[in-house]
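Student: Predicted model follows, preceded by the sequence.
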Amino acid sequence: MGGRKPKQADLAQFATDNTNTIDDILPADGSQLRLLIVGINPGLWTAALNAPFARPGNRFWPSLYRSGLTDELVDAATGLRPEDEAQLLDRGIGLTNLVGRATVRADELSADELHDAATTLTRRVTQLRPRAVAIAGIGAFRTAFRLPKAKMGRQETSSIASWPSGVDLWVVPQPSGLNAHENIDSLAARWREVWDSIAD
């Protein structure tokens, strides 16, 4: 549906869809990922466009650009262009979600959904072997991995069952405009810290 803004009817159909509603951005040729960015789950706007962090006002793409992780500012509000995906993959950056089901808000996800998602993500990371994984959202991370005292930043993975050795795990803030504790500059600083940690 890229190229236009979704209508209310487009959004409504995703509110009752329990399937994976958005495609991952991952290399098709098995080339090495440097960084796998993990959102919590798609919002309805994102699902309708099949484009990550597409909701107008979300600060994900501006903060990625300001941090230097992308060369151009991506505007995903009407969909993601092939060249947008290409600039991510050319840098070794992939995107996925903990949970594929779209909701209005991430706090609509159940604890069981998040627990299952943590197991699935760990298995996928073991297969993909990125240098680092960055999960965008501390609350969902704490629930999913049963780590209620986890803080932002690099995580100690020894307490996470089956997490693959040699893959750093980070938690960064949720970039939604609803997160009043962060702005584009503070989010960009978080992304830069993660990226610098895996720089060649």
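Tutor: Thanks, I have it. Every value quoted in this text rests on a predicted model; they were computed, and no experiment measured them.
Student: so where is this structure shaky, pLDDT-wise?
Tutor: 1-21, 30, 177-180, 200 (pLDDT under 70).
Student: elements contacting the lengthiest helix in it?
Tutor: Taking DSSP state H as the criterion, the chain has its longest helix at helix 111-128. With contacts taken as 3 or more Cβ pairs under 8 Å, 6 or more residues apart in numbering; DSSP states H and E, helix 111-128 sits against strand 35-39, strand 93-97, helix 138-144. Where you see a C-beta, it was placed from the backbone N, CA and C, and this is true even at glycine.
Student: now with 10 Å?
Tutor: Judged by 3 or more Cβ pairs under 10 Å, 6 or more residues apart in numbering; DSSP states H and E, the packing partners of helix 111-128 are strand 35-39, strand 93-97, strand 132-136, helix 138-144, strand 168-172.
Student: list the buried ones in that helix?
Tutor: Glu113, Leu114, Ala117, Ala118, Leu121, Thr122, Arg124, Val125, Leu128 (16 or more other Cβ atoms under 10 Å).
Student: next one: stretch 59-79
Tutor: Across stretch 59-79, burial judged by 16+ other Cβ under 10 Å covers 59-67, 69-70, 74, 76-79.
Student: Ok, stretch 157-165 next?
Tutor: Thr157, Trp163, Pro164.
Student: of the helices and strands packed on helix 111-128, which approaches Arg55 most closely?
Tutor: The minimum distance between Arg55 and these falls on strand 35-39, with 11.3 Å, by Cβ to Cβ.
Student: so what secondary structure elements neighbour the helix or strand just after that closest one?
Tutor: Under the assignment DSSP states H and E, the closest C-terminal helix or strand after strand 35-39 is helix 44-49. In terms of contacts (3+ Cβ pairs under 10 Å, 6+ apart), helix 44-49 is packed against helix 8-15.
Student: mind checking how far stretch 43-53 is from the chain centre?
Tutor: 12 Å (Cα atoms, centre = their mean, to the nearest Å).
Student: Next, the distance between the ends of it.
Tutor: Chord length of stretch 43-53, first to last residue, is 8 Å (Cα to Cα, to the nearest Å).
Student: Mind listing what's buried along it?
Tutor: For stretch 43-53, by 16+ other Cβ under 10 Å, it's Gly43, Leu44, Trp45, Thr46, Ala47, Ala48, Leu49, Ala51, Pro52, Phe53.
Student: Same question for stretch 139-150.
Tutor: In stretch 139-150, residues buried by neighbour count (16+ other Cβ under 10 Å) are Ala140, Phe141, Arg142, Thr143, Ala144, Phe145, Leu147, Ala150.
Student: Make CSV from the residues you listed and add distance to Glu193 to it.
Tutor: Output for those, formatted as CSV (distance: Cβ to Cβ, whole Å):
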residue, distance to Glu193
Ala140, 20
Phe141, 17
Arg142, 20
Thr143, 24
Ala144, 22
Phe145, 20
Leu147, 20
Ala150, 16
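Student: Return the member of these nearest to Arg192.
Tutor: Distance to Arg192 across these (Cβ to Cβ) is lowest for Phe141, with 20.0 Å.
Student: Could you double-check that the closest one sits in contact with Gly153?
Tutor: No: in this structure Phe141 lies outside contact range of Gly153 using Cβ atoms under 10 Å: 11.4 Å.
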